[in-house]
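Novice: based on what follows, work out the 3D shape:
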Amino acid sequence: MSTKRELVLKAFRGEAVDRVPVGFWHHFTREEEWLKGFSNPEIIEKNLNGHKNFLHKVKPDFVKLMSDGYFAYPNPAIYKGLENISDLAGIEPLGADHPWITEQVELVKKIRAGFEEDIVAIYNIFAPVTYFKWLVGEVSGGDDLIANFIDQDAATLKKVLDTIGQDIASLSQRIIKEAGADGIYLSVQSIQDARVSQEVYKQVIAPSELHVLETAKEAGGVNILHICGYEGARNDIHLFTDYPAPVINWAVGPEGISLAEGREIFGGRTVLGGFENGKTGLLYTGDKAAIQAETKRIIAETGTTGLVIGADCTIPSDIDEERIEWVREAAAE
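Specialist: I've put the predicted structure just below:
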C-alpha cells in the first residue's frame, strides 16, 4: 500500500493507484476576516489552530493550506472606489521580500511544522484579477468594474494585472522553495460580465495567471487549477485548457460538465471534484449510504486513475467532518 504522499502524487500524475484519494477543505476564519489577517496575529492564529485541528481530526490524504487573512493584496496604489484605470498607470510590484509575502511563507512553515504525517500540501493562491477585484470591489463581485476598466484602457489594466502577477508569482515561488509547500492551488474565474469575451480574457487577464502557474511549476510545484464556481459563478472552462497544471477542479454540476468529460477537455489530465460544496449539496445533507453510493458512482463513471474525489469548491466550515471519512471509506472499497 502506498503512503498517502505516494498515493496522491501518483494520482496527480495520472498513474495507477491503490485507492482513489480524497481531498476536501474549508475555511478556518469568518468571511469578514479573510481580507484582514495581514499583520493581524489573532486572525492568523485562528487559521493556524484551524489547520491543526482539521489535520488531527480528519487525517486527510492531502491538504490545501488556506490563505485565510491574506486575501487583501496590500499594494498602496490600488484603492476601493477606483473609477479610472489610468490612475494606476504607474503601479509597481510590492517585491518578493514584502511582509505580506513573508508572513505567508512563515504561515506555511508553521502549519507544516505541526503535521502529524507526511502528506502533500498545496497552498491556496488567487488569480491576480481576483485580488484586484477584492481591492476595488467586494469579496464576491467586482466583475462589472473589470469590464469597465477594459472598456477604458485594456492595456493599463493588463499592466496592473501583470504587476500583481509578479508578486503572486514571487509568493508562489517562496511558498514552494522556502516554506516546503508541494505546489499551489490557483483559483481562477471567468469574468461574470458579458462584455468580457474569451478573446479579451486571453489577451488581458490570462497572461498574469499563466505567469503565476509557470513560475510555480519552475519552482518545482505540483499545482492544482481551480476554476471557481463560488456563489453560483459560471465559467467557460475551455478558457483554461492551456494552463500548465496537472490537476483540474471545477464546479461539475453548475457547469454541466462531468469529471469524465472534463478530463477529455483537458487532454487526459487528472480531475478533482465530484461533490457539490454548498449546504444544499449531498455531502452536507445526505446520509452515509447516499454519500457512499455517490462516491462509488463518481468512480464508476470516471475511472480510478487520474481522479481525486473532492468538491466543487470550499465546503462549509461547520460540516460534520465524519462525512469526509465516509467518502474515503467508499473510495477505498
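
Novice: could you pull out the helices for the protein?
Specialist: Assigned by DSSP state H, the chain shows helices spanning 4-13, 41-58, 99-113, 128-136, 143-177, 198-200, 206-218, 252-255, 259-265, 282-285, 288-302, 322-332.

Novice: save those as a markdown table, and put in distance to I91 and mean pLDDT too.
Specialist: Where C-beta positions appear, they are placed from N, C-alpha and C, glycine not excepted. A markdown table is the format used below for the helices of the chain (distance: least, CB to CB, whole Å; pLDDT from 0 to 100):
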| stretch | distance to I91 | mean pLDDT |
| --- | --- | --- |
| helix 4-13 | 35 | 98 |
| helix 41-58 | 27 | 96 |
| helix 99-113 | 15 | 97 |
| helix 128-136 | 10 | 95 |
| helix 143-177 | 5 | 97 |
| helix 198-200 | 20 | 96 |
| helix 206-218 | 13 | 98 |
| helix 252-255 | 33 | 92 |
| helix 259-265 | 35 | 97 |
| helix 282-285 | 41 | 97 |
| helix 288-302 | 43 | 98 |
| helix 322-332 | 42 | 97 |
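
Novice: most tightly surrounded among the ones you listed?
Specialist: helix 128-136 (a mean of 23; mean count of other CB atoms under 10 Å).

Novice: what packs against it?
Specialist: helix 143-177, helix 206-218 (3 or more CB pairs under 8 Å, 6 or more residues apart in numbering; DSSP states H and E).

Novice: so which of these is nearest L186?
Specialist: Taking CB to CB, helix 206-218 is the member of the helices and strands packed on helix 128-136 nearest to L186, at 5.9 Å.

Novice: could you export the closest one as CSV, CA atoms only?
Specialist: What follows is helix 206-218, C-alpha atoms only, in CSV (Å, rounded to 0.1, in the frame of the first residue of the first chain):
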residue,chain,number,x,y,z
ALA,A,206,-4.7,35.2,-18.8
PRO,A,207,-1.1,36.3,-19.1
SER,A,208,-0.9,37.2,-15.4
GLU,A,209,-2.4,33.9,-14.4
LEU,A,210,-0.2,31.9,-16.7
HIS,A,211,2.9,33.7,-15.3
VAL,A,212,1.9,32.6,-11.7
LEU,A,213,1.4,28.9,-12.8
GLU,A,214,4.6,28.8,-14.9
THR,A,215,6.7,30.3,-12.0
ALA,A,216,5.2,27.8,-9.5
LYS,A,217,5.9,25.0,-12.0
GLU,A,218,9.5,26.1,-12.5
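
Novice: and the angle for that helix with helix 143-177?
Specialist: Going by axes from the mean of the first three to the mean of the last three CA atoms, to 10 degrees, helix 206-218 is angled at 10 degrees with respect to helix 143-177.

Novice: what helices or strands is helix 206-218 leaning on?
Specialist: So helix 206-218, by 3+ CB pairs under 8 Å, 6+ apart, packs with helix 128-136, helix 143-177, strand 183-188.

Novice: and of the helices of the chain, who's closest to H26?
Specialist: helix 41-58 (7.8 Å).

Novice: and the nearest residue to G232 once chain neighbours are set aside, what does it touch?
Specialist: Sequence neighbours aside, P254 is the residue nearest to G232 in space, at 6.9 Å (criterion: CB to CB, 6 or more residues apart in numbering). Contact analysis of P254 by CB atoms under 8 Å, 6 or more residues apart in numbering lists G229, G232, R234, D312.

Novice: which of those tops the neighbour count?
Specialist: Using other CB atoms under 10 Å as the neighbour criterion, D312 leads the contacts of P254 with 26 neighbours.

Novice: hmm, that residue is touching V271, no?
Specialist: No. D312 is beyond contact range of V271, at 12.0 Å (criterion: CB atoms under 8 Å).

Novice: okay, and the common contacts of those two?
Specialist: N249.

Novice: surely L171 and Q104 touch.
Specialist: Yes. L171 is within contact range of Q104, at 6.2 Å (criterion: CB under 8 Å).

Novice: tell me how far I309 lies from Q189.
Specialist: I309 sits 23 Å away from Q189, taking CB to CB, to the nearest Å as the criterion.

Novice: what's the answer for K10, then?
Specialist: Distance from K10 to Q189, counting by CB to CB: 29 Å.

Novice: what of A290?
Specialist: In terms of CB to CB, A290 sits 30 Å off from Q189.

Novice: which non-adjacent residue is nearest V108?
Specialist: A179 is the one closest to V108 (CB to CB, 6+ apart), at 3.7 Å.
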